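Colleague: Only the shape, not the letters, is given here:
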């Protein structure tokens, strides 16, 4: 393992320290935790707080999305490990302005359990908390760490949409309703060229041959659905959009947002080539996405690979939310 | 070579197509070229155009910095190959609004020659053009492809400062004077964990052992100044800031901007840990950067490694320019 780190067991606190000290105008640490909160808390007055988080290793998620117009706080667990309920609870308390707090949770058993426990702690404190569990990964039905489908890159669309709604003054009930309307319309699928190396483990989560790829891999090196030889980008796109189409029934009378997400070690060169193939393939359906984003948004440490997310936009307001200005490190 | 591409010889056009079609509200292609220009050209009226570019493989540089408040156009050469004079000339013509055009060139012999030839072509057309050659890499004095020092990540600070000045209505002479004042204050140094693989070549530009790093490597796999075993992030920082200090004489009565730049395959996890060590080390000099930026800004395809840029801010206006809002894909 060749990494720019110090003690492999101290990566998360050092990373959180690095982020918060580098961007003090945007984020700060919640004292005594590895949770990160907007440093302009005063301007959150009267607004619902949006809190997300999970295991670390997905940078810039989730702390990179904390800031005006997006998340109010993000809780950073150890690498690929859910944050503890008390840390989540501290983040909830830090952002609660009396209007309640909404939690965006990716569907992993540990996250679901710990965010639920934090919700219980908050309700004992009379802080109204609601939540959504994002399960956008269509690759497999159940997986390591997950009952049902996994939560992956599409979660960032959820952060963006709910964050904009909260910024514009939506109530906790309105945000809850919005989240549940958006959720079934976000679908993601990925392909991996290599696995992530968790610094605490010291070796890759799985091995692929020199010319091999795996479709449907998760963001913690969970198994996908098929291994085969590497193919041209446009063939990968054919496979991935085929799967998304099976699930979503692409329809040119609908509008779509599209997120192309690098997994950490995938150069932007490849992401832009892939984007071109995605747009060409969607064009065969007479679809031109109403919103596009390409880059490293929900990574898996140093995994090489890419994910493709489509969101079917059921309401033009969602598009306004996606385009709403934010002040974050990474959106 | 395992990459998400189609024909290795067609990467640049497909990438440029992918970028421009994904972000039509920000950029568009100059017809018949691989140059990218602001799609809101009308709002450039009466402003000096700022044009940069160079070989591809440094994404998001340079096209990712085209947009309101930053570059007017970027010319995308083949991978690690200077764009041709006629392509640069087309970009100059596309952005000229009668106030002239300023070129930001990284110091590589091919770039310097081709941007100069484009300048000559423009002057025959009575378009006033001035330029700066950025040579911020302090690692070595001469290098492959370069007489003098190489131009690397610090170039992005030049783009940002000049772009903001142009947006605010600075004249060509004012931009030229500003560029030459800023230039000697930008210094960069890098460390590599692995080399880039140019898709047209198919194998890495050099080989490092499993536990080996090289200080001072360039962004086209040019040799650095020392190989040794990988060390802790804080030891790398010690070395790199030591070199920068030898060059710049760090002084806590001065203000600094800092850019921490991933080389393409370096996860943000490592970049944030490194950032923490940089801030700790600068703290020993009683320096807290007035401006920080961390991410993949001037990459070397899929190289693992990191560069550290410091800009000594001689005028608070430079800080305002760095903070001035932009509408680009990647700043």
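Modeller: Received the coordinates, thanks. Here the structure is a predicted model, which means the values were calculated and not measured. Numbering: from 1, shown residues only, chains lettered A, B, ... in the order given.

Colleague: Mind jotting down where the strands sit in the stretch 151-300 of chain A?
Modeller: Ranges of strands in the stretch 151-300 of chain A, per DSSP state E, counting those that start in this stretch, are A:186-192, A:212-215, A:226-229, A:255-262, A:291-295.

Colleague: Which residue, neighbours along the chain excluded, lies closest to the closest residue to chain B within the stretch 1-150 of chain A?
Modeller: Residue nearest to chain B within the stretch 1-150 of chain A (C-beta to the nearest C-beta): residue A:18, separated by 3.3 Å. Every C-beta, even on glycine, is put in place using the N, C-alpha and C of the backbone. The shortest distance from residue A:18 to any non-neighbouring residue, by C-beta to C-beta, 6 or more residues apart in numbering or on different chains, is to residue B:276 (3.3 Å).

Colleague: Now for the one you found: which residues touch it?
Modeller: A:14-15, A:17-18, A:21 (C-beta atoms under 8 Å, 6 or more residues apart in numbering or on different chains).

Colleague: and what of residue A:78?
Modeller: Counting by C-beta under 8 Å, 6+ apart, residue A:78 makes contact with A:12, A:55-56, A:200.

Colleague: host element of it?
Modeller: Secondary structure from DSSP states H and E places residue A:78 in strand A:73-79.

Colleague: any idea which helix or strand comes after that strand?
Modeller: Next along from strand A:73-79, by DSSP H and E: helix A:85-95.

Colleague: Which SSE is immediately downstream of that next one?
Modeller: Counting by DSSP H and E, what follows helix A:85-95 is strand A:101-106.

Colleague: got the contact list for that next one?
Modeller: A:48-52, A:54, A:71-72, A:88, A:92, A:95, A:111-112, A:115, A:118-119, A:122, A:127-134, A:150-152, A:155, A:158-159, A:162, A:166, A:172, A:175-176, A:179.

Colleague: do that again at 7 Å, thanks
Modeller: A:48-52, A:54, A:92, A:95, A:111-112, A:115, A:119, A:122, A:127, A:129-134, A:151, A:155, A:158-159, A:162, A:172, A:175-176 (C-beta atoms under 7 Å, 6 or more residues apart in numbering or on different chains).

Colleague: what's the closest non-adjacent residue to residue A:294?
Modeller: residue A:260 (4.4 Å).

Colleague: Around residue A:89, how many other residues sit close by?
Modeller: When neighbours are counted by other C-beta atoms under 10 Å in any protein chain shown, residue A:89 registers 26.

Colleague: Model confidence for it, exactly?
Modeller: At residue A:89, the pLDDT value in this model is 98.

Colleague: quick one on the thing from earlier: among the contacts of residue B:276, which are in helices?
Modeller: With DSSP state H as the criterion, helices contain A:14-15, A:17-18, A:21 from among the contacts of residue B:276.

Colleague: Can you flag the buried ones in those?
Modeller: By neighbour count, with 16 or more other C-beta atoms under 10 Å in any protein chain shown, these hold A:14-15, A:17-18, A:21 as buried.

Colleague: Residue A:74 and residue A:56 touch, don't they?
Modeller: No. Counting by C-beta atoms under 7 Å, residue A:74 stays clear of residue A:56, with 10.1 Å between them.

Colleague: and the two? which has more neighbours close in?
Modeller: Taking neighbours as other C-beta under 10 Å, residue A:74 and residue A:56 compare with residue A:74 leading, 30 against 27.

Colleague: Contact partners for the more buried one?
Modeller: A:35-36, A:52-53, A:62-63, A:65-66.

Colleague: can you list the domains in chain A?
Modeller: Domain ranges of chain A: A:12-182, A:185-322, per automatic domain parsing.

Colleague: Please tabulate the ones you listed in CSV, including the columns distance to residue B:1.
Modeller: Listed next are the domains of chain A as CSV, based on distance: least, C-beta to C-beta, whole Å:
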stretch, distance to residue B:1
domain A:12-182, 25
domain A:185-322, 9
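
Colleague: for the stretch 201-331 of chain A, what spans make up the helices?
Modeller: A:233-248, A:268-284, A:316-323 (DSSP state H, counting those that start in this stretch).

Colleague: Can you give me the pLDDT of the residue in the stretch 151-300 of chain A that chain B sits nearest to?
Modeller: Residue of the stretch 151-300 of chain A nearest chain B, by C-beta to the nearest C-beta: residue A:276 (3.3 Å). On the pLDDT scale, residue A:276 is placed at 98.

Colleague: any idea of the mean pLDDT in the strand holding residue A:78?
Modeller: 98.

Colleague: any idea how far whichever strand or helix holds residue A:131 is from the chain center?
Modeller: Element membership for residue A:131 (DSSP H and E) is strand A:129-134. With C-alpha atoms, centre = their mean, to the nearest Å as the basis, strand A:129-134 stands 14 Å off its chain's centre.

Colleague: which residues touch the residue nearest to residue A:294?
Modeller: Going by C-beta under 7 Å, 6+ apart, residue A:260 touches A:271, A:274-275, A:278, A:294, A:306, A:308.

Colleague: From residue A:64, how far out is residue A:159?
Modeller: In this view, residue A:159 and residue A:64 are 10 Å apart by C-beta to C-beta, to the nearest Å.

Colleague: quick one, which of the domains of chain A is nearest to residue B:320?
Modeller: Proximity to residue B:320 (C-beta to C-beta) singles out domain A:12-182 among these, at 14.4 Å.

Colleague: ok now that closest one, how far from the chain's centre?
Modeller: Taking mean C-alpha positions (C-alpha atoms, centre = their mean), domain A:12-182 and its chain are 10 Å apart.

Colleague: Distance across that domain, terminal residue to terminal residue?
Modeller: 31 Å (C-alpha to C-alpha, to the nearest Å).

Colleague: what comes up buried for the helix or strand encompassing residue A:121?
Modeller: Secondary structure from DSSP H and E places residue A:121 in helix A:109-124. Buried positions in helix A:109-124, judged by neighbour count with 16+ other C-beta under 10 Å: A:110-112, A:114-116, A:118-119, A:121-122.

Colleague: can you pull the contacts of residue A:219?
Modeller: Counting by C-beta under 7 Å, 6+ apart, residue A:219 touches A:58, A:152, A:298, A:300.

Colleague: again, only using 8 Å
Modeller: Contact analysis of residue A:219 by C-beta under 8 Å, 6+ apart lists A:57-58, A:150, A:152-153, A:190, A:263, A:298-300, A:303.

Colleague: Pipe those residues into CSV and attach pLDDT, distance to chain B and neighbour count per row.
Modeller: Listed next are those as CSV, based on pLDDT from 0 to 100; distance: C-beta to the nearest C-beta, whole Å; neighbours: other C-beta atoms under 10 Å in any protein chain shown:
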residue, pLDDT, distance to chain B, neighbour count
A:57, 98, 7, 30
A:58, 98, 9, 33
A:150, 97, 20, 27
A:152, 98, 17, 29
A:153, 98, 15, 31
A:190, 98, 12, 28
A:263, 98, 9, 29
A:298, 98, 11, 28
A:299, 98, 6, 27
A:300, 98, 9, 32
A:303, 98, 9, 27
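
Colleague: Including distance to residue A:238, could those residues go into CSV?
Modeller: As requested, these are exported to CSV (distance: C-beta to C-beta, whole Å):
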residue, distance to residue A:238
A:57, 30
A:58, 27
A:150, 23
A:152, 20
A:153, 20
A:190, 15
A:263, 20
A:298, 23
A:299, 24
A:300, 23
A:303, 22
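
Colleague: which of those residues lies closest to residue B:315?
Modeller: For the contacts of residue A:219, the nearest to residue B:315 is residue A:299 (37.3 Å; C-beta to C-beta).
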